[in-house]
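> need a structure here:
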Amino acid sequence: MWSNRVAAPWMLISGGVCATGFLVLTALFSDRWVQFLAALVGALALLGIGAVEVTVNSREVTVRSVALPPLRRRLPLTRITGASSKHARPVQLGGWGYRWLPRRSAVSLRAGDAPPGPCGPGGTPSYSS
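Numbering: from 1, shown residues only. Prediction:
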């Protein structure tokens, strides 16, 4: 089994700032807390995708959020038809974070080597960690 964690510090810091902003604003204006829910949603989104763990075992490749473990993507090894590596930047994969597109998915938190694993009928996943 192989496992690795990677984080995008700017996402975690931004998520913390949004969460703090939500708490401060709701403390100051407790009667209007609903108006500040956007800050809470933004905080959860940034904290949820700001750190991921990639695990490869004898059955599958799993990519999961460190902060929100139910947010995960599993790829059975039986669907992988080969393996290679290429340098990828987040902008080439559609931006930072989780990307699920038709016949392609990606988790990108930084630039670097990403294994664009050729898959069978399901498409091509890419993980940059």
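
> who's in contact with the longest helix along the chain?
Counting residues, the longest helix found in the chain (DSSP state H) is helix 9-28. Helix 9-28 is contacted by residues 33, 36-37, 39-40, 42-47, 49-51, 96-97, 109 when judged by C-beta atoms under 8 Å, 6 or more residues apart in numbering. Any C-beta I mention is one placed from the backbone N, CA and C, and that applies to glycine too.

> What subset of those is buried?
Neighbour-count burial (16 or more other C-beta atoms under 10 Å) is assigned, among the contacts of helix 9-28, to 36, 39-40, 42-47, 49-51, 96-97, 109.

> Hmm, residue 75 is touching residue 60, no?
Yes: judged on C-beta atoms under 8 Å, residue 75 makes contact with residue 60 at a distance of 6.0 Å.

> Which of these two has more residues huddled nearby?
Using other C-beta atoms under 10 Å as the criterion, residue 75 and residue 60 rank with residue 75 on top: 18 against 15.

> sec struct for the more buried one, please.
Per DSSP: H, G, I helix; E, B strand; the rest coil, the local secondary structure of residue 75 is strand.

> For it, give the beta-bridge partners.
residue 61 (DSSP bridges).

> ranges for the strands of the protein?
2-7, 51-56, 60-65, 72-76, 86-88, 97-101, 104-108, 112-114, 124-128 (DSSP state E).

> can you tell me how far residue 54 sits from residue 66?
11 Å (C-beta to C-beta, to the nearest Å).

> Between the two, which contacts overlap?
With C-beta under 8 Å, 6+ apart, residue 54 and residue 66 have common neighbours residue 5.

> Have a look at the protein and report the helix or strand with the lowest mean pLDDT.
One helix or strand of the chain scores below all others by mean pLDDT, DSSP states H and E: strand 124-128, with a mean of 50.
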